[in-house]
Structure formats: C-alpha cells, structure tokens
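Novice: Sequence first, predicted model second:
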Amino acid sequence: MRNLLLILGCAGLLAGCSTPPPRDASGAWINQAAIDAAMAGTPLREALLAYGPNLEWQLDPANGSARLSNGLEVAEGRLRTLPDGQLRVIFASDDQDQLSLEQDSLVQAPSASWPAQRFARSTLELPPGAPTGSRFEHSLYQAYLSGTWRIEQGLGQGGLVRFDPDGRLEGLPGAERYALCLAGDCAAMTGEQDSIWLQLGEQGQVWIFEREQDQLRLFDANNAARPDEVPDYRKGELRWHLQRD
C-alpha cells in the first residue's frame, strides 16, 4: 500500500510539473478590432488608423514562414519559435516582429512606430491560394456591407443593391465590382474621407462614401489638384443614398 501511494504521489508530481503542449498559432489571423470599430460607427479610415496598420497575419510554424498584409503590401518573413513559446518574424529587411498567443488572440508586440495589435483567428474558408489579406477584406465586406440595400435616391431609385464579400456588386447602375480603400495611394488621395472604387468592365472611378448604420451615401470625388499634381479628392455632389432593408 505504501509503495502504491509513493507511485501515485510521483505520478501526480510529474503531471503537475509537466509543461503544457505549445498552442498552435498556424493559420490566418485578422484585425477584428478594426472591423468591430467600423461596425460600431467609427469611419472606416479612422478605424484602420486606430487599430492598424497591419490587417492580417498568415503563420506556418511547421515550415517556418509568415506573411503579413497591411492592406496594400504583403511582406514575407522567417518564423521562429522562441524557448518561451513566443514567435519572432524576421523579414528580408531585417525588421522583426514579436508575436505571442494570449487566450484566443494573437498579439503583435508594440514597436517604436506602432502600439500593440490584437488579431483574431479566421475560420473563413477561401479557395486555395487566396492572397494574404483576402480573409480580412472578405470579413470586412461581409460585416460592413452585408444584406440588401434599397436605392432611396439616385440613378436606379427603388432598385435593390447587393455588395458580395468577394467584391462583386449587383444592382447599382454602372458598376459590377467594388473595393473599399484600406491603405496606400487611395487613402493618401482622399485624406480622412472614406472612399470606394466602383468598376464596370475595365473602367472604374473613386467615390467618397459615408456609412451610418443602415444608411450608405455615395458622393462624387472631385479632384482639387492641378493636372500635374497628385489627385486630391474632395466630397462632391450626392449621387446615391442607399438604405439597408
């Protein structure tokens, strides 16, 4: 009996001191906080600035690789797991990012330029080979513009409009695809205003938009710059007022 108690005691001690298995960080992680802020009424550009700049991580610890999207560019780096379980991403430029898992979040450590960022694991199923950043974009489009919108004012008044999360657009006269401005030149040219690209065939143009819960307004984007200058778009005339059903 004494020997049995000793064996059980040793087994309990070993179990208590065993190191928990490392958590799996593989897969896609998106900046859900930026999406939530935009859904709560913060202008999209402001939400991206407040919770950015990075929008999606794709991690593959087994192959030691990581990919990062900021909505404009995709950077690739080498992924290393440190002895304490944290992750380090080393890019070709020798820049480094430190990542860690905290409960259900992937946390990117703060840097000299940016505060800490939190990312949520994406369970979205996309076709193989979908580019890094597409899961964030798809999730944003689905949350931000989902449902059916009725044209209350503008060309096609009374018609129904659908913004599909893959960028297809149905029901809005003169457009069959759309893209929200997340970063880059489009953001620089529209400043603090939110903008959307509408395209039909090979032709498209930028529009200024304002979204308030179930109201979406699209305005002309008037260029205030000279022909030899970088475009500087300002909100112009209201062209469409959409109401979500």
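Specialist: That came through fine. Numbering: from 1, shown residues only.
Novice: Check which helices and strands the helix or strand hosting residue 143 is in contact with.
Specialist: Using DSSP states H and E, residue 143 maps to helix 134-145. Judged by 3 or more CB pairs under 8 Å, 6 or more residues apart in numbering; DSSP states H and E, the packing partners of helix 134-145 are strand 27-30, helix 32-39, strand 177-180. For glycine as for every other residue, the C-beta is placed from the backbone atoms N, C-alpha and C.
Novice: What lies in contact with the last one?
Specialist: What it means is strand 177-180. Outside strand 177-180, the residues that touch it by CB atoms under 8 Å, 6 or more residues apart in numbering are 44, 137, 140-141, 144, 163, 167-169, 194-200, 204.
Novice: Can you name the secondary structure element that comes next after that strand?
Specialist: helix 185-190.
Novice: For residue 76, give the beta-bridge partners.
Specialist: Counting by DSSP bridges, residue 76 is bridged to residue 67.
Novice: Where in this protein is the helix or strand with the lowest mean pLDDT?
Specialist: Least confident helix or strand of the chain, by mean pLDDT, DSSP states H and E, is helix 2-17 with a mean of 44.
Novice: tell me the contacts of the residue minimising distance to the centre of the chain?
Specialist: The centre of the chain sits closest to residue 136, judged by CA atoms, centre = their mean, with a distance of 3.4 Å. Residues in contact with residue 136, defined by CB under 8 Å, 6+ apart, are 30, 31, 35, 55, 56, 69, 71, 122.
Novice: Can you give me the pLDDT of it?
Specialist: On pLDDT, residue 136 comes in at 99.
Novice: and what of residue 113?
Specialist: pLDDT, read off for residue 113, is 84.
Novice: per the record, what domains does this structure have?
Specialist: 23-142, 146-244 (automatic domain parsing).
Novice: centre of the chain versus the last one, how much separation?
Specialist: When you say that, I think you mean domain 146-244. Here the centre of domain 146-244 is set off from its chain's centre by 19 Å, with CA atoms, centre = their mean, to the nearest Å.
Novice: now swap in the longest one and tell me
Specialist: Relative to its chain's centre, domain 23-142 lies at 8 Å (CA atoms, centre = their mean).
Novice: Check the offset of the helix holding residue 143 from the chain's centre.
Specialist: Relative to its chain's centre, helix 134-145 lies at 7 Å (CA atoms, centre = their mean).
Novice: Dump the C-alpha coordinates for that helix into PDB.
Specialist: C-alpha atoms of helix 134-145 as PDB (Å, rounded to 0.1, in the frame of the first residue of the first chain):
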ATOM      1  CA  SER A 134      -8.200  38.500 -48.600                       C
ATOM      2  CA  ARG A 135      -9.600  37.000 -45.400                       C
ATOM      3  CA  PHE A 136      -9.600  40.400 -43.600                       C
ATOM      4  CA  GLU A 137     -11.100  42.000 -46.700                       C
ATOM      5  CA  HIS A 138     -13.800  39.300 -47.100                       C
ATOM      6  CA  SER A 139     -14.700  39.500 -43.400                       C
ATOM      7  CA  LEU A 140     -14.800  43.300 -43.500                       C
ATOM      8  CA  TYR A 141     -17.000  43.400 -46.600                       C
ATOM      9  CA  GLN A 142     -19.300  40.700 -45.200                       C
ATOM     10  CA  ALA A 143     -19.800  42.600 -41.900                       C
ATOM     11  CA  TYR A 144     -19.800  46.100 -43.200                       C
ATOM     12  CA  LEU A 145     -21.900  45.900 -46.400                       C
END
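Novice: Which SSE is immediately downstream of that helix?
Specialist: Next along the chain after helix 134-145, taking DSSP H and E as the criterion, comes strand 148-153.
Novice: List the contacts of that following strand.
Specialist: With CB under 8 Å, 6+ apart as the test, strand 148-153 has contacts from 157-163, 171-172, 216, 238, 240-245.
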